[in-house]
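Novice: need a 3D model of the sequence below.
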Amino acid sequence: MENNRPFVNNGTCDLIINSSPPQIPVNTNPDIIIKQKMYYDIYDREEGIGFYPQMRVIQDTTIFIHFKLFVYGLNALGWLQNSGPVIYGFIKRDGVELLNTLNKAANVNAIVISNAGGRIVYPMMYSSTDYILENYSK
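Specialist: Model prediction:
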């Protein structure tokens, strides 16, 4: 992250607004990146099923993940993971809680979260990593 970007610290969530020209339509919002504090199970990430960050505190593993606002479809917005290990998906309500937290911090109404590879991880769709992994062996 560049140090010359203005940001607002909101507890576990930092709002960073790029000083570069917006990459989304002028009528929506500026180019926004949010730094979100999350938690994860180190065993699952290193030896188990993959990286499933959570909003609630578990064990002692904390990570800050950046999410960038992007245009999704013609008239919608989404959040793209911009740092950290590639997210496989979310457990229980963590996807909707993260989406609501990011939207509230940026005052937008994005409808999806994509991982660093561009795959939608919330809400779960046919192209979601979780869906593919669950149905690959069937």
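Novice: so for whichever strand in the chain runs longest, what gets flagged as buried?
Specialist: As assigned by DSSP state E, the longest strand anywhere in the chain is strand 62-72. For strand 62-72, a neighbour-count test (16 or more other CB atoms under 10 Å) marks 65-70, 72 as buried. For the C-beta atoms, the positions are set from N, CA and C on the backbone; glycine is no exception.
Novice: now, which of the residues you listed sits nearest residue 122?
Specialist: Residue 122 lies nearest to residue 67 out of those, by CB to CB, at 11.2 Å.
Novice: any idea how far residue 105 is from that closest one?
Specialist: Going from residue 67 to residue 105 by CB to CB, to the nearest Å gives 10 Å.
Novice: residues in contact with both of the two, list them for me.
Specialist: Jointly contacting residue 67 and residue 105 under the rule CB atoms under 8 Å, 6 or more residues apart in numbering are residue 34.
Novice: which residues touch the longest helix along the chain?
Specialist: The longest helix of the chain (DSSP state H) is helix 94-106. Outside helix 94-106, the residues that touch it by CB under 8 Å, 6+ apart are 10, 13, 15, 29, 32, 34, 36, 38, 52-56, 67, 69, 79, 89-90, 109-113, 121-124.
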